[in-house]
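Asks: need a structure here:
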Amino acid sequence: MSIKKTIITVAPTGAWPKKENNPNIPMTPKEIAEDVYACWKAGAAICHLHMRDDEGNGTMDTAKFRETVNLIRAYEDCDIIINCTTSGDLNATDETRQAHLKELRPEMASYDCGSMNWMHSGLFINHPKFLEELGTTMQESGVKPEIEIFDAGMIYNSLYYLKKGFLKAPCHYQLVLGAAGGSTATIENLVYLKGLIPEGSTWGALGIGNGHVPIMLATVAMGGHLRVGMEDNVYVAAGQLAESNAQLVTRAADIVRIAGNKVATPAEAREILGL
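Replies: Sure, this is the predicted structure:
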């Protein structure tokens, strides 16, 4: 029997945690690139990138993405897969959410498959017209969508866009549990959502905040891939701030190995995801 290979994605920054939440979170392009390199050495095969403006707020500034991606690619021995967000700035336009994909052509990017009330304080809008445009942009730019799912309706949305040709099989799903306004981070919700995705898809999952470790353990047990990082959780244990994203990656890699799996290299992740 072959050993299963588990992909670890690191989401080092996100759009909202700041230095006051954890002084170790990377914010500038240089900090993010250095952090990603350390996470790659610790076992991350994919980095999911958000950008921050000079005030530390989420931004879709193509120049910030360009600088960060170039700094990561400057590490000649680092073959980590770059996955760029298409969200993280609630004031962004449909155009600014896609511009960096057209220029930089990362191997992957997020595809948030529906709208929701975000943190019970604002609206996270992914209009049907935008999702059609984004799917077309990704296909034209050679970018594989990471279909981010916050509740069951988003999976059904993805089936519609798959039928209409804006998404192409096999799909890769990221089940995001614990976001305020989305499905809570419970094992029951994880099992339910995983059961809805199309046969032949690859998938991973994450739990935000207190759900981080339980969802990680259940995901490994169910055969999924993992995402860790300070975008989702700035703590490594109750009341203990994470020292680095690499610390979170190292813990995930240890769990993968304890479960009898192999931590996938970027090359193996490319094969698994069909990149």
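
Asks: who does the one residue sitting closest to the centre of the chain form a beta bridge with?
Replies: Central residue of the chain (CA atoms, centre = their mean): residue 48, 4.8 Å from the mean position. Beta-bridge pairing of residue 48 under DSSP bridges involves residue 83.

Asks: could we number from 48 for the rest of this?
Replies: All right, first residue 48 from here; so that's residue 95.

Asks: give me the element residue 156 is part of.
Replies: strand 155-159 (DSSP states H and E).

Asks: wait, residue 319 sits on residue 51?
Replies: No - contact criterion CB atoms under 8 Å: residue 319 and residue 51 do not qualify, at 10.1 Å. (Each C-beta comes from the backbone N, C-alpha and C, glycine too.)

Asks: related to what we said a few turns ago, the residue nearest to the centre of the chain against residue 135, yeah?
Replies: No - between residue 95 and residue 135 there is no contact under CB under 8 Å: 10.5 Å.

Asks: residues in contact with stretch 159-170?
Replies: For stretch 159-170, the external contacting residues (CB atoms under 8 Å, 6 or more residues apart in numbering) are 133-134, 137, 171-174, 178, 194-198, 200-202, 204-205, 208, 226-229.

Asks: tell me which of those fall in strands.
Replies: With strands defined by DSSP state E, the entries of the contacts of stretch 159-170 inside them are 171, 194, 195, 196.

Asks: contact partners for the last one?
Replies: Looking back up the chat, that one is residue 196. Per CB under 8 Å, 6+ apart, neighbours of residue 196: 160, 202, 205, 220, 221, 222, 223, 240.

Asks: and the gap between it and residue 158?
Replies: 10 Å (CB to CB, to the nearest Å).

Asks: likewise the third one?
Replies: Taking CB to CB as the measure, residue 195 falls 7 Å from residue 158.

Asks: with neighbour numbers in mind, choose between the two.
Replies: Applying other CB atoms under 10 Å to residue 195 and residue 158 shows that residue 158 carries more neighbours, namely 28 against 24.

Asks: how far away is the more buried one from residue 252?
Replies: 16 Å.

Asks: tell me the strands beside the strand holding residue 156, with direction?
Replies: Here, using DSSP bridges, strand 155-159 pairs with strand 128-131 (parallel), strand 191-196 (parallel).

Asks: pick the most buried one from those strands.
Replies: Mean neighbours per residue, mean count of other CB atoms under 10 Å, is largest over these for strand 191-196, with a mean of 25.

Asks: pretty sure residue 189 contacts residue 152?
Replies: Yes - contact criterion CB under 8 Å: residue 189 and residue 152 qualify, at 5.9 Å.

Asks: which of those two has more residues huddled nearby?
Replies: Ranked by neighbour count (other CB under 10 Å), residue 189 and residue 152 place residue 152 first, with 16 against 11.

Asks: how about that one, nearest residue that isn't a chain neighbour?
Replies: Spatial nearest neighbour of residue 152, excluding adjacent residues (CB to CB, 6 or more residues apart in numbering): residue 188 at 5.0 Å.

Asks: what sits against the one you found?
Replies: Contacts of residue 188 (CB under 8 Å, 6+ apart): 148, 149, 152.

Asks: could you do residue 290 as well?
Replies: Contacts of residue 290 (CB under 8 Å, 6+ apart): 71, 283.

Asks: bridging residues for the closest residue to residue 100 other than its chain neighbours?
Replies: Once flanking residues are discounted, residue 100 sits nearest to residue 106: 4.2 Å by CB to CB, 6+ apart. On the basis of DSSP bridges, residue 106 is bridged to residue 98.

Asks: neighbours of residue 106, how many?
Replies: 21.

Asks: for residue 157, same thing?
Replies: Counted with other CB under 10 Å, residue 157 comes out at 23.

Asks: my guess is it contacts residue 129. True?
Replies: No - counting by CB under 8 Å, residue 157 stays clear of residue 129, with 12.0 Å between them.

Asks: show me where pLDDT drops low in the stretch 148-297 of the chain?
Replies: 167 (pLDDT under 70).

Asks: apply 80 and report the result again.
Replies: 165-168 (pLDDT under 80).

Asks: now do the strands in it.
Replies: All strands of the stretch 148-297 of the chain, identified by DSSP state E, counting those that start in this stretch, fall at 155-159, 163-165, 169-171, 191-196, 219-224, 249-254, 272-275, 282-284, 287-288.
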